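> Give the three-dimensional model of this entry:
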Amino acid sequence: MRLRTSVLQAAVLLSVATSSLACTASGKSEKDSALSKAAAPLSEVEVSSREQTLRAMYIDVLSRDPKPEEVALAKDAWAKGRTLVDSARSILTTEEQRSILIASYQKRFLRKRNPIIGRDLLSNKELEAGHPHPLLVTLLAGDEFHAFFGSDNSTTVKALYKALLSRAPTQAEFDVALASVAATEGRREMVSALLATEEYLAEQLLRGWYQKYLHRAPMPAVRAELLTLLKAGESHWDIQARILGSAEYVSFHSCSKVTCRAGGKNCGVLSDGCGGTLDCGECDIGLECGAESPNVCGVKCERMTCLERLAECGSIDDGCGGTLDCGTCPSGRTCGADGIANTCAGTGACKPRTCRDLGKTYGRHFDGCGAMVDCGPEPASLLDESP
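Numbering: from 1, shown residues only. I've put the predicted structure just below:
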């Protein structure tokens, strides 16, 4: 039996490994290099920043704010030289966190709306130590999971690959696994083998933690480093604590973000001052975002034209705080010569300006000699914003 188990595990491991992404050790970033070391001494982080980071940890791990007594305990630990990595580890090792994890497994894999979390699960020594894989083996290899798929071996194999690797098995993987899933012991061997693959550890665990806590994928060098630790049996709680206590996580959550209201903004998207963005919403009907100032709703100003202002020449106010250049007068005429601003006047012969002279291709415009020149209809695809 021991020989058959090792052969099956080796076969599944080899088959999955051929389809998993190779983990390289190049391109190490400054962000990730901080994760492979202990967090910066807490004395270098202001108290307010520490509390903001602690609150973020509680929200990310337990989906709630820390209680006053929990903040007090953390501050007391910091005063004694403990780090944010220690704070993260204390949150991750709570019974509350284990309860949340077990409930998520039952909802995700067994489709239970109201998970049942007994003392036997909460007090599981391996889970307490940060090794949830034995619990996953029990859940996924059990008769309840198998029965959920009609006790059909073929469907169960596909469901296990989908649950753990987020993909369907290759034909080779399917053929190897199908022969083993009929019995509970065979399913345990299969699940154990899948959980030990690099594909699961790197793509499902490490990438999942990075996306949850840092909102990005891990860089290859640190992914390789953490993958080595996972393969060596490092506690899942310790790996996550290192990410939560990293300088990058602290920096992201200790930054004082700008709010739309505090910035006097009420529409559009703008920077939150901490590397993210703020969506300040949309304007009411009749108002336009940025009409008067950036990210502020206002009434859109319609610029007037030279024709609407009866201006033949010179510069005039466009009615929106800008100016319009209404051109120059024809030969023999001078702008404002008769005392009327922006009007061409003179005593000599006047040569009317043409559409070409005016640089216009459509619309009606002053010809500079007291009449109008028609340059044709406005194209349907254009808005006439010409002077």
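> Which strand or helix spans Ile91?
Assigned by DSSP states H and E, Ile91 falls within helix 84-92.
> Next: Arg356.
helix 355-358.
> Heading C-terminal from the helix holding Ile91, find the next helix or strand.
helix 95-110.
> Send me the next helix or strand after that next one as PDB with only the CA atoms.
With elements assigned by DSSP H and E, the helix or strand that comes after helix 95-110 is helix 119-122. Presented in PDB, the C-alpha positions along helix 119-122 are these (Å, rounded to 0.1, in the frame of the first residue of the first chain):
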ATOM      1  CA  ARG A 119     -14.400  22.000  18.400                       C
ATOM      2  CA  ASP A 120     -12.600  19.100  16.800                       C
ATOM      3  CA  LEU A 121     -11.900  21.300  13.800                       C
ATOM      4  CA  LEU A 122     -11.000  24.500  15.700                       C
END
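> any idea where the helices of the stretch 101-250 of the chain begin and end?
Assigned by DSSP state H, counting those that start in this stretch, the helices in the stretch 101-250 of the chain fall at 119-122, 125-128, 133-141, 143-148, 153-165, 171-178, 184-195, 198, 207-213, 220-231, 236-244, 247-254.
> So what touches the fifth one?
The reference is to helix 153-165. 16, 108-109, 140, 145-146, 149, 167-169, 173-174, 177-178, 181-182, 187, 190-191, 194-195, 197, 199-200, 203-204 (C-beta atoms under 8 Å, 6 or more residues apart in numbering). (Each C-beta comes from the backbone N, C-alpha and C, glycine too.)
> just the third one next, same as before
Contact with helix 133-141 is made by 102, 105-106, 109-110, 121, 124, 126-127, 145, 160, 163-164, 184, 187-188, 190-192, 195, as judged by C-beta under 8 Å, 6+ apart.
> that older thread, the helix holding Ile91 packs against which elements?
Contacts defined by 3 or more C-beta pairs under 8 Å, 6 or more residues apart in numbering; DSSP states H and E place helix 84-92 against helix 47-62, helix 68-79, helix 236-244.
> Show me the shaky parts of the stretch 1-150 of the chain.
1-46 (pLDDT under 70).
> Counting neighbours, which bits of stretch 51-61 end up buried?
Glu51, Gln52, Thr53, Leu54, Ala56, Met57, Tyr58, Asp60, Val61 (16 or more other C-beta atoms under 10 Å).
> My guess is His131 contacts Ser235. True?
Yes: assessed by C-beta atoms under 8 Å, His131 is found in contact with Ser235 at 6.7 Å.
> Report the buried residues of stretch 162-178.
Within stretch 162-178, the residues that count as buried by 16+ other C-beta under 10 Å are Ala163, Leu164, Leu165, Pro169, Glu173, Val176, Ala177, Leu178.
> Out of these, which two sit at the greatest distance?
The span of these, defined through C-beta to C-beta, is set by Ala163 and Val176 at 17.5 Å.
> I'd like to know which of the helices and strands packed on helix 84-92 is closest to Thr347.
Comparison of the helices and strands packed on helix 84-92 against Thr347 by C-beta to C-beta identifies helix 47-62 as nearest, at 78.3 Å.
> elements contacting that closest one?
Counting contacts by 3+ C-beta pairs under 8 Å, 6+ apart, helix 47-62 is packed against helix 68-79, helix 84-92, helix 95-110, helix 236-244, helix 247-254.
> Take those and write them to a markdown table, including mean neighbour count.
Formatted as a markdown table, the helices and strands packed on helix 47-62 follow (neighbours: other C-beta atoms under 10 Å):
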| stretch | mean neighbour count |
| --- | --- |
| helix 68-79 | 14 |
| helix 84-92 | 22 |
| helix 95-110 | 16 |
| helix 236-244 | 22 |
| helix 247-254 | 19 |
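> For Ile285, which of these is the nearest?
Nearest of these (C-beta to C-beta): helix 247-254, 37.3 Å.
> what packs against the closest one?
Using 3+ C-beta pairs under 8 Å, 6+ apart: helix 247-254 touches helix 47-62.
> Now find how far off-centre the helix it packs on is within its chain.
19 Å (C-alpha atoms, centre = their mean, to the nearest Å).
> Stretch 80-95 now?
That offset, for stretch 80-95, works out to 26 Å (C-alpha atoms, centre = their mean).
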